[in-house]
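**Q** With the input below, show me the fold.
(2 chains)
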Amino acid sequence: MVSSGQAQLVVKEETALRWMSVSKVVKETVDTYTLYLKPRTGERFSFKPGQFNMLYVFGVGEVPISISGDPKNLNHIAHTVRAVGAVTNSLTKLREGARVGFRGPFGNGWPIDEAVGNDVLIVAGGIGLAPLRPVIYHLINNRQDYGKVFVLYGARTPNDLLYKKELKSWKGRMDMDVLVTVDKGDETWKGNLGVVTMLFDYVKLNPDNTYAFVCGPEIMMRFTVINLKNKGLPDEKIFLSMERNMKCGIGVCGHCQFGPYFVCKDGPVFRLNQIKMFFGKREV
Amino acid sequence: MSEEKVDILTMLRDHPFMRDLPEKYLQQIAEFSSLVRFKSGQKVFEEGEVHMKFYLIVYGLVALYSEVPSKGELRFETVRGGEVLGWSSLVRPFTKTASAKVIEPTLAIAIDSNKLLEMMDKDRELGYSIISRLIQIVSGRLKAVRFQLLDIYASLKRGKSESG
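**A** Numbering: from 1, shown residues only, chains lettered A, B, ... in the order given. Modelled structure (predicted):
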């Protein structure tokens, strides 16, 4: 905005660094924690399922982390973090009362409005359930707006499953089919064994009326897409959340370039026909 | 035909593995098949043994596993209603490639593999049909094992990105 010859810098709310305090920490697995962040009094925060925040640990650095909580609960913003590097290690060591810097929300999110009136299939692998959990909350909160809901979730072992209590409660619901599998189980595991794509044999999808939301390691998404195509789902109804090395969050730095897109700004959720040229290719 | 054989024939007709198999074959197979009920925790067969039964699962859940020293049972696959158990009883050397234990109460049609093999030998059309169905099962399991070997859920740890 320019007025009387003076340039005025307009800083968008989501790009400015703000601070939240950790209100609760839940240990999900041996190396994965969910941090609940409380906005400061009077500060408003809202997000769309599938969006992410840049979380900042003072003196260590900043990382993009998907928002993993209920979009209706804006007093405690959930982020599920796996300790894989310096910043995420620091984040998982934070405890109640600690301060976390954040910018966001960034990204486009899942097309929950476009999917209204249709069946929704959610396919998650490993920590990929985190950005999809807000979608599941949204579907439960607005159950009458959607057709059938299927959740297929795979992890390495029973100990690697996220949100165990919620999985149990979702499984108990009559209005959605939740199937969970692990690659390897021990004697205590009473559920499915095998890769997540195996679960496709146990659900009846209507390809004309189903939106698929997929998140997990890229190789898992590649195999999932093959299965979805075999089931007859069109590219336009398959959505994938891509992961790249995001830094600025606003499509300026170029770290997360993916073909002609920036994952932070144009994604992280992409329709399959947008990215199928680059999907599964090395160095793209 | 006894009442149980009639039930078996009905279940054979409905089972995905037998889909589109001519009725004359189903009737013959029903003659040397029986219904078996397994309780949770029951062992069906053990890795390395020769167990000449081929099971069509009607309902329930069975885990396939290997016994790993110091780790116990390492379960890597489950089969449930509509799937088959014990394909190795139809392929030389007929030894089991994994152990099987029941997780949920299971009802299965147990087919005498010796008799089925005999029938497949005599009637090559049936033999081809059964073997091509088995190949689909085995190739599906091979794909699943390859997928498991990729250890896909761990790939994030090896990646450059710290995003979650």
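
**Q** for the residue nearest to residue A:78 when sequence neighbours are not counted, what are its contacts?
**A** Distance criterion CB to CB, 6 or more residues apart in numbering or on different chains; nearest residue to residue A:78, sequence neighbours excluded, is residue A:69 at 2.9 Å. In this view, the C-beta of every residue, glycine as well, is placed from N, C-alpha and C. Contact analysis of residue A:69 by CB atoms under 8 Å, 6 or more residues apart in numbering or on different chains lists A:36, A:76-79, A:133-134, A:137.

**Q** Residue A:261 contacts residue A:269, correct?
**A** No: in this structure, residue A:261 is not within contact of residue A:269 by CB atoms under 8 Å, at 11.2 Å.

**Q** More neighbours: which of the two?
**A** Taking neighbours as other CB atoms under 10 Å in any protein chain shown, residue A:261 and residue A:269 compare with residue A:269 leading, 24 against 19.

**Q** For that one, name its beta-bridge partners.
**A** Beta-bridge partners for residue A:269, by DSSP bridges, are residue A:241.

**Q** That one and residue A:242: what is the separation?
**A** Using CB to CB, to the nearest Å, we find residue A:269 at a distance of 8 Å from residue A:242.

**Q** just residue A:92 next, same as before
**A** Per CB to CB, residue A:92 is found 24 Å from residue A:242.

**Q** who's in contact with the residue of chain B found nearest chain A?
**A** Relative to chain A, the nearest point of chain B is residue B:153 (3.6 Å; CB to the nearest CB). With contacts defined as CB under 8 Å, 6+ apart, residue B:153 is in contact with A:125-127, A:154-156, A:160, A:183, A:216-217, A:220.

**Q** just residue B:83 next, same as before
**A** B:16-17, B:57.

**Q** Buried subset of these, written for ChimeraX?
**A** The ChimeraX command for the buried members of those (criterion: 16 or more other CB atoms under 10 Å in any protein chain shown) is given here:
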select /B:17,57
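
**Q** Just send the contacts of residue B:83 back as a markdown table, with pLDDT, distance to residue A:53 and secondary structure too.
**A** Shown next, in a markdown table, are the contacts of residue B:83 (pLDDT from 0 to 100; distance: CB to CB, whole Å; DSSP: H, G, I helix; E, B strand; the rest coil):
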| residue | pLDDT | distance to residue A:53 | secondary structure |
| --- | --- | --- | --- |
| B:16 | 95 | 46 | helix |
| B:17 | 96 | 50 | helix |
| B:57 | 97 | 46 | strand |
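
**Q** With respect to residue B:118, which of the contacts of residue B:83 is nearest?
**A** Comparing the contacts of residue B:83 against residue B:118 with CB to CB places residue B:17 closest, at 18.9 Å.

**Q** Now do the closest one against residue B:111, distance only.
**A** 10 Å.

**Q** pLDDT below threshold where in chain B?
**A** B:154-164 (pLDDT under 70).

**Q** ok, which stretches of it are helices?
**A** B:3-14, B:23-31, B:113-122, B:124-149, B:155-158 (DSSP state H).

**Q** Regarding chain A, what is its longest strand?
**A** strand A:18-27 (DSSP state E).

**Q** Paired strands for it, with orientation please.
**A** Strand A:18-27 is paired, per DSSP bridges, with strand A:32-38 (antiparallel), strand A:99-106 (antiparallel).

**Q** Quick one: the ones you listed as TSV, columns for mean neighbour count and mean pLDDT too.
**A** Output for these, formatted as TSV (neighbours: other CB atoms under 10 Å in any protein chain shown; pLDDT from 0 to 100):
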stretch	mean neighbour count	mean pLDDT
strand A:32-38	21	93
strand A:99-106	20	90
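
**Q** is it possible to export those to TSV including distance to residue B:51?
**A** Listed next are those as TSV, based on distance: least, CB to CB, whole Å:
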stretch	distance to residue B:51
strand A:32-38	41
strand A:99-106	57
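
**Q** before we move on, back to that, quick one, grab the pLDDT at the residue nearest to residue A:78.
**A** Note for residue A:69: predicted pLDDT of 93.

**Q** That one belongs to a helix, doesn't it?
**A** No: under DSSP: H, G, I helix; E, B strand; the rest coil, residue A:69 sits outside any helix and is assigned coil.

**Q** Could you tell me how far it is located from residue A:135?
**A** 12 Å.

**Q** neighbours of residue A:250, just the number please.
**A** By other CB under 10 Å, 16 other residues sit near residue A:250.

**Q** Can I take it that it is in a strand?
**A** No: Residue A:250 sits outside any strand when classified using three-state DSSP, being coil.

**Q** hang on, the earlier thing: from chain B, how far out is the residue nearest to residue A:78?
**A** From residue A:69 across to chain B, the span is 14 Å (CB to the nearest CB, to the nearest Å).

**Q** How about residue A:169?
**A** Distance from residue A:169 to chain B, by CB to the nearest CB: 20 Å.

**Q** Let me know the secondary structure of that residue.
**A** What three-state DSSP gives for residue A:169 is helix.

**Q** Which pLDDT value goes with it?
**A** For residue A:169, the predicted pLDDT is 95.
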